[in-house]
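Chemist: pasting the structure only:
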């Protein structure tokens, strides 16, 4: 049975799903580290990983995902299918 959080995860865009995966794989599951890294890129500071050129769009996506997780006290990465994680 699919619960409301699984339905929400399934409704995410490919870009949003990618950000969840990158957050968990590259930033230890921490939005703050990812946001800091992206903001450093915008400011021309050294950054950790080369990801994408659409930083501002990614920061907006992260904000929405982060708000949803906080509101429902969940980790959306828990809804990433196992075969995607491998």
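Modeler: Thanks, I have it. This one's a predicted model, so the numbers in the text were calculated from it and none came from an experiment.

Chemist: quick one, helices of this protein?
Modeler: Secondary structure of the chain (DSSP state H): helices located at 4-11, 14-26, 31-42, 55-72, 82-85.

Chemist: how about the fourth one: buried residues?
Modeler: So that's helix 55-72. Neighbour-count burial for helix 55-72 flags 55, 58, 61-62, 65-66, 68-69 (criterion: 16 or more other C-beta atoms under 10 Å). (Each C-beta comes from the backbone N, C-alpha and C, glycine too.)

Chemist: centre of the chain versus stretch 73-83, how much separation?
Modeler: Distance of stretch 73-83 from the chain centroid (C-alpha atoms, centre = their mean, to the nearest Å) equals 11 Å.

Chemist: State the mean pLDDT of it.
Modeler: Mean per-residue pLDDT for stretch 73-83: 87.

Chemist: i'd like the first residue to be 53 from this point on
Modeler: All right, first residue 53 from here; so that's stretch 125-135.

Chemist: contact partners of that stretch?
Modeler: Stretch 125-135 is contacted from outside by 57-58, 60-62, 64, 69, 72-73, 75-76, 81, 117, 120-121, using C-beta atoms under 8 Å, 6 or more residues apart in numbering.

Chemist: wait, which of the residues you listed is closest to residue 98?
Modeler: residue 75 (19.8 Å; C-beta to C-beta).

Chemist: Any stretches of this protein with poor pLDDT?
Modeler: Filtered on pLDDT under 70, the chain yields the residue ranges 53, 99-106, 135-138.
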